[in-house]
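# From the sequence below, what's the structure:
(2 chains, ligands or ions: 1)
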Amino acid sequence: MARITAGVASSHVPLLGVAVDQGKTGDEYFGPIFAGYEWTKAWEKEEKPDVVILVYNDHASAFDMKIIPTFAIGCGERYKSADEGWGPRPVPDVEGHADLGWHIAQSLILDEFDMTIINEMDVDHGMTVPLSMMFGQPEKWPVKVVPLAVNVVTYPVPSGNRCWALGEAIARAVESFPEDLNVQIWGTGGMSHQLQGPRAGLLNREWDNKFLDMLIGDSDAARFIPHLEYLRETGSEGIEMVMWLVMRGALGKKTKCLHRHYHIPCSNTAIGHLVLEPTE
Amino acid sequence: MTAPTEKQNIHDYLAEFDDIPGTRVFTAARARKGYWLNQFAMSLMTPENREAWKADERKYLENWPMSDEQREAILARDYNRCLDLGGNVYFLAKVFSTDGLSFAEAVSSMTDMTFPEYREMMNKGGRSPQGNRSIKGGY
Ligand SMILES: [Fe+2]
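Numbers count the residues shown, from 1 in each chain, chains lettered A, B, ... in the order given. A predicted model of the protein is given here:
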């Protein structure tokens, strides 16, 4: 039987991908950011997950304004790195797990989550940056990935509560997959940042850390944070943190924190990173 | 589910966004207004289109049914104006990436700071939320 063994949360700032691709991860600016991922890199080598369900958002790469799916799941065999305006990142293709993807998609729809199904798409920094942070620069990614794309760009985006409930449904779906698979779920994006308008550059260390605290242990208070609070407290792009709630919801009632990292700034953004384990 | 969530009225939900200082939330109304502006920006994801755009920006924009205001805002790289006209930063990013600008530099152009000033603010911990959360509440 497949099982979700851990949850990982991480920011996915595009500049981190640039730092990896240009070999700058040890310099004065990026060093402290990447140092906080060393623990996780070593841990992933031990854990050897078979599949990662990677919750992320597309930043006008695969989806433009033509079609805006609220929740979409990748059921394809492989995904290429997107050209985001400066050429595709030089990273391996992301290999899908079509059997698990389709199984989750079907299960979620029966469970009343009306998913959009993706067979072909390119994936942008939202997905490739977290893979680089956790696995470095391998010739081939050491896991298969089931992409789970959330609309966090055009409002209304899904509520935190709905994201959490989707995570719970994903956990049920994984448990009913007959193959013996070690599955992780990653929630990406955030933390506080605002990339637009005169208020750009807003960061909120205090609020971000309260949010990190809320994902550890048995509280489910984070699912009820309204969109307005993310917008006021964490900047317009801080709303990406609802994607972390899909991950948290999938870990069940209680979590234990294995690793935690927070750093300000990376470009316009606060970097947050958690490794969580379900505890029952 | 542990607590029932109250269903929110869409008008109340949207009205609250106007109370956030210096921020244009990308609502459906903005998405509709900026549709072609954003779709134009999206077209810069291929090297061929980037070349055509760089060769003659004004001519390239003729291919897109945008308003004159939108065309002028893009040609002037006035990103706050672009936001007012329905642009979204992830789409506009294709334009400033084609210009060779980083996110931080492009974003700084929407503030009242120069890029070096903005970078310094970020390195010192970013813009404080204090006084930047609510126009009406002033907190
Ligand atoms: Fe993002």
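
# Show me the strands in chain A, by range?
A:3-10, A:51-56, A:71-74, A:78-81, A:94-95, A:116-118, A:122-123, A:144-150, A:182-188, A:255-266, A:269-278 (DSSP state E).

# Pull up the pairing partners for the first one, direction included.
For strand A:3-10, sheet partners with direction are given as strand A:182-188 (parallel), strand A:269-278 (antiparallel), following DSSP bridges.

# Just send the ones you listed back as CSV, with mean neighbour count too.
Glycine gets a C-beta too; all of them are placed from N, C-alpha and C. Shown next, in CSV, are those (neighbours: other CB atoms under 10 Å in any protein chain shown):
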stretch, mean neighbour count
strand A:182-188, 26
strand A:269-278, 24
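
# among those, which is nearest A:Asp58?
Among those, the nearest to A:Asp58 by CB to CB is strand A:182-188 (11.6 Å).

# what does the closest one rub up against?
A:2-12, A:47-56, A:100, A:126-127, A:129-130, A:134, A:143, A:167, A:170, A:174, A:240, A:243-248, A:250-251 (CB atoms under 8 Å, 6 or more residues apart in numbering or on different chains).

# mind redoing it with 6 Å?
Residues outside strand A:182-188 that contact it (CB atoms under 6 Å, 6 or more residues apart in numbering or on different chains): A:2, A:4-10, A:12, A:49-56, A:130, A:174, A:243-244, A:246-247, A:250.

# between it and strand A:144-150, how many degrees?
30 degrees (axes from the mean of the first three to the mean of the last three CA atoms, to 10 degrees).

# Could you export the strands paired with strand A:3-10 as CSV, including mean pLDDT?
Converted to CSV, these look like this (pLDDT from 0 to 100):
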stretch, mean pLDDT
strand A:182-188, 98
strand A:269-278, 98
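
# rewinding a little: give me whichever of the strands of chain A is most buried.
strand A:51-56 (a mean of 28; mean count of other CB atoms under 10 Å in any protein chain shown).

# Return the list of helices and strands in contact with that one.
On a contact count with 3 or more CB pairs under 6 Å, 6 or more residues apart in numbering or on different chains; DSSP states H and E, strand A:51-56 meets helix A:125-135, strand A:144-150, strand A:182-188, helix A:242-250.

# residue contacts, A:Ile225?
A:Ile225 touches A:Gly160, counting by CB under 6 Å, 6+ apart.

# let me fix that: B:Arg133
Residues counted as contacts of B:Arg133 (CB under 6 Å, 6+ apart) are A:232, B:139.

# Export the strands of chain A to a markdown table and append columns for distance to B:Thr111.
Compiled in a markdown table, the strands of chain A are given as follows (distance: least, CB to CB, whole Å):
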| stretch | distance to B:Thr111 |
| --- | --- |
| strand A:3-10 | 27 |
| strand A:51-56 | 27 |
| strand A:71-74 | 33 |
| strand A:78-81 | 31 |
| strand A:94-95 | 35 |
| strand A:116-118 | 36 |
| strand A:122-123 | 31 |
| strand A:144-150 | 28 |
| strand A:182-188 | 26 |
| strand A:255-266 | 15 |
| strand A:269-278 | 15 |
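
# for chain B, what are the nearby residues on chain A?
Contact residues, chain A versus chain B (CB under 6 Å from any CB of the partner chain): A:59-60, A:64-65, A:83, A:85-86, A:154-155, A:161, A:195-204, A:220, A:228, A:231-233, A:236, A:264-265, A:267-268.

# What's the separation between the closest residue to B:Leu85 other than its chain neighbours and A:Thr40?
Distances taken as CB to CB, 6 or more residues apart in numbering or on different chains put B:Gln70 closest to B:Leu85, at 4.9 Å, once the chain neighbours are dropped. Relative to A:Thr40, B:Gln70 is positioned 44 Å away (CB to CB, to the nearest Å).

# Just want to know which of these two has more residues nearby.
A direct count of neighbours by other CB atoms under 10 Å in any protein chain shown for B:Gln70 and A:Thr40 places B:Gln70 higher, at 24 against 21.

# State whether the more buried one and B:Asn38 are indeed in contact, as I suppose.
No: B:Gln70 is beyond contact range of B:Asn38, at 9.9 Å (criterion: CB atoms under 6 Å).

# and residue 59, how many neighbours?
You didn't pick a chain, so chain A it is. Neighbours of A:His59 under the rule other CB under 10 Å: 25.

# Please refer instead to chain B.
For B:Lys59, the count of nearby residues is 10 (other CB under 10 Å).

# And the contacts of the strand or helix carrying it?
Applying DSSP states H and E as the criterion places B:Lys59 in helix B:57-61. The contact list for helix B:57-61, computed with CB under 6 Å, 6+ apart, reads B:52-53, B:71.

# Relative to A:Phe211, which of these is nearest.
For the contacts of helix B:57-61, the nearest to A:Phe211 is B:Trp53 (39.7 Å; CB to CB).

# Might you report the residue contacts of residue 90?
Just going to use chain A. Applying CB under 6 Å, 6+ apart, the residues near A:Pro90 are A:Asp21.

# oops, I was thinking of chain B
Residues near B:Tyr90 by CB under 6 Å, 6+ apart: A:59-60.

# near chain A, which residues of chain B?
B:2, B:5, B:16, B:20-27, B:31, B:35, B:38-39, B:42, B:44-45, B:83, B:89-91, B:94, B:97-98, B:103-104, B:107, B:110-111, B:121-122, B:125-127, B:129, B:132-133.
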